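Participant: any chance you can model this:
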Amino acid sequence: MIISELFSLLKHEWCLLTILLLFLVIKIRAKEWSNERLIQWMNALLAVNFILGWLMNSEGILFDGMFRNTALIAFEKNILNFALLIIHLQSAEWMRKHKHLPEFYMLMLSSMLGMFFLLSSANWLMFYLALELSAIPLAALCNFDLDKKVSGEAAMKMILSSAFSSCILLFGISLIYGSTGTLDFVEMSGRLSGMSLEILAFIFIFTGFAFKLSVAPFHFWTADVYEGSPVPVTSYLSVISKGTVVFVLSTVFYTVFGSMSGIWYDVLVISTVITMTIGNLFALRQTNMKRFLAFSSIAQVSYILIGVSAGTDQGMSSSIYFVLIYVFSNLGAFAVVSHISALTGKENIADYNGLYKTNPALSWLLGISLFSLAGIPPTAGFFGKLFLLGAGAGAGNWPLIIFAALNMVVSLYYYLRVIRAVFMEPADSALPKLSYGLSVKVAMIFCLGGILLLGFTTGLYEYILSLSFGLK
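Facilitator: The predicted model follows:
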């Protein structure tokens with residue numbers, strides 16, 4: 001019985017670990033394998049991994065309550081599995097040219113494994129170990145453009161910011177443990193009294209999360225790391241890393257700090273206003289596409305904080321639903337950026353002038369993805385932000401909702417600036433017509449289909465809401 005539970009509750013982790021060990025064996029015993037063959041194997045394995053993620057899921061706890069699995073956690077892991085598959089499909093051109101592809105895969109899967117344990121953590125010790133398992137390989141991935149100095153700089157900034165934020169978070173955990181005498185999430189929730197030491201511990205813990213989420217004013221590392229990292233790693237940071245932290249943040253706030261909701265609501269409101277303002281203002285002045293999408297992601301995080309601040313089942317479900325939409329929208333934009341960067345080395349917005357004349361398919365995908373990020377109907381991004389603002393409105397903070405709506409109007413300017421360059425600027429120096437393989441086409445179809453169809457599938461939001469019931 002114990003063995004069967006060990007395999008069923010850890011199914012997602014066992015699948016990733018199996019793939020990781022397989023590529024370790026390939027690296028040692030099959031050095032003559034070409035990158036093309038490795039890519040095909042990984043595509044197949046990630047597809048199987050995603051399918052298995054939906055089968056035979058069970059709920060329960062392991063390791064004396066340190067690890068837990070629920071239907072909602074399994075759904076969150078499946079979202080991340082799908083995002084990983086899309087990132088791999090759309091990054092085929094970059095991966096074909098790299099000399100150390102097996103190492104890249106092992107680091108990426110190790111980081112993903114840490115994020116899965118992070119999602120299932122029900123104890124601060126498990127939480128911190130999982131956080132480090134996810135962060136350290138990710139810093140190494142940032143340096144994987146080995147011939148570029150900016151990639152090394154990105155890795156240095158990533159490891160320093162990760163170490164600093166982890167230390168702050170660990171200090172907060174030590175304070176909350178000293179106050180409550182336990183590391184277990186559920187037990188801790190029942191022992192919190194709202195004393196000054198616990199409030200201070202919460203502030204340190206939230207600061208650690210804020211670094212990982214690029215919440216202002218803890219966002220300064222984001223643009224430089226995004227710009228210097230390889231585009232597949234930037235996509236991973238933007239979607240999988242941030243998505244994981246959003247999921248965990250909601251769980252920790254609702255489960256551990258539920259009795260302190262009056263305090264963290266005020267903190268989230270202030271963080272939302274600052275992050276939304278800084279993300280939008282800095283996005284206005286960017287000329288590099290990766291830096292542009294970095295500040296766009298900072299602004300998007302602020303909308304998620306509105307949903308989390310609601311402190312309700314609707315707030316949690318709207319946040320998860322928006323992350324799913326964000327996967328399609330952001331990866332749709334990164335699919336274009338990744339392909340153009342891999343084939344031409346061009347990453348500036350000015351390089352996209354007249355792109356529609358030579359590459360209409362790429363242009364339409366980029367345009368629709370940016371419309372979704374801006375929240376323009378009928379794309380899925382509109383419905384995602386609508387649900388987030390609706391959940392936030394349930395808390396009665398109408399000034400915040402009005403402020404967020406006005407900022408959505410501001411964000412239209414910088415999204416439309418890119419769309420204008422793609423569709424309306426003269427094509428005298430436009431990029432040549434670019435070819436793309438089957439895997440890139442499949443990734444683009446997934447992203448485009450998700451953006452256009454997800455907003456109309458209200459049953460999916462209701463399904464997520466049903467999984468979230470009782471977590472508040």
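Participant: which residues does the residue nearest the centre of the chain contact?
Facilitator: Residue closest to the mean C-alpha point of the chain, counted by CA atoms, centre = their mean, is V239 at 2.6 Å. By CB atoms under 8 Å, 6 or more residues apart in numbering, V239 lies in contact with 83, 87, 326-327, 330-331. In short, each C-beta sits where N, CA and C put it, glycine included.
Participant: show me where the stretch 51-200 of the chain has strands.
Facilitator: Taking DSSP state E, counting those that start in this stretch, the strands of the stretch 51-200 of the chain run over residues 60-62, 67-69.
Participant: for I26, find the nearest of those.
Facilitator: Among those, strand 67-69 comes nearest to I26, with 29.1 Å by CB to CB.
Participant: ok, residues contacting the closest one?
Facilitator: With CB under 8 Å, 6+ apart as the criterion, strand 67-69 contacts 9-10, 57-62, 117, 120-122, 126.
Participant: repeat that with 6 Å
Facilitator: With CB atoms under 6 Å, 6 or more residues apart in numbering as the test, strand 67-69 has contacts from 9, 59, 61, 120, 122.
Participant: most neighbours among the residues you listed, which one is it?
Facilitator: When neighbours are taken as other CB atoms under 10 Å, the top entry among those is S120 (27 neighbours).
Participant: tell me how far that one lies from G152.
Facilitator: 33 Å (CB to CB, to the nearest Å).
Participant: same check, this time on S369
Facilitator: Taken as CB to CB, the span from S369 to G152 is 30 Å.
Participant: on the pLDDT front, check the closest residue to K99 other than its chain neighbours for me.
Facilitator: Distances taken as CB to CB, 6 or more residues apart in numbering put L146 closest to K99, at 8.0 Å, once the chain neighbours are dropped. pLDDT recorded at L146 is 76.
Participant: check F469 too.
Facilitator: For F469, pLDDT reads 69.
Participant: kindly report the same for I263.
Facilitator: At I263, pLDDT is 85.
Participant: what about it, how many neighbours?
Facilitator: Neighbours of I263 using other CB under 10 Å come to 16.
Participant: hmm, back to that, so which of the contacts of strand 67-69 sit within helices?
Facilitator: Residues of the contacts of strand 67-69 located in helices (DSSP state H): L9.
Participant: which one of the contacts of strand 67-69 is nearest G437?
Facilitator: Distances from G437 to those, taken by CB to CB, are shortest for S120, at 35.6 Å.
Participant: from A350, how far off is that closest one?
Facilitator: 45 Å.
Participant: could you do V252 as well?
Facilitator: Counting by CB to CB, the gap from V252 to A350 is 42 Å.
Participant: of the two, which one has the most company?
Facilitator: For V252 versus A350, neighbours defined as other CB under 10 Å are more numerous around V252 (20 against 11).
Participant: element containing the more buried one, please.
Facilitator: helix 242-255 (DSSP states H and E).
Participant: now the element after that helix, going C-ward?
Facilitator: Downstream of helix 242-255 (by DSSP H and E), the next one is helix 261-283.
Participant: alpha carbons only: can I get that next one in CSV?
Facilitator: What follows is helix 261-283, C-alpha atoms only, in CSV (Å, rounded to 0.1, in the frame of the first residue of the first chain):
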residue,chain,number,x,y,z
SER,A,261,-5.7,38.3,5.5
GLY,A,262,-6.3,41.9,6.6
ILE,A,263,-2.6,42.5,6.7
TRP,A,264,-1.6,40.8,3.4
TYR,A,265,-4.5,42.3,1.6
ASP,A,266,-3.0,45.8,2.2
VAL,A,267,0.4,44.6,1.2
LEU,A,268,-0.9,43.1,-2.0
VAL,A,269,-2.8,46.3,-2.9
ILE,A,270,0.2,48.5,-2.4
SER,A,271,2.4,46.0,-4.4
THR,A,272,-0.2,45.9,-7.2
VAL,A,273,-0.3,49.7,-7.6
ILE,A,274,3.5,50.0,-7.6
THR,A,275,4.2,47.0,-9.9
MET,A,276,1.5,47.9,-12.4
THR,A,277,2.8,51.5,-12.7
ILE,A,278,6.5,50.6,-13.0
GLY,A,279,5.9,47.7,-15.4
ASN,A,280,3.8,49.9,-17.8
LEU,A,281,6.1,52.9,-17.6
PHE,A,282,9.3,51.0,-18.2
ALA,A,283,7.7,48.9,-21.0
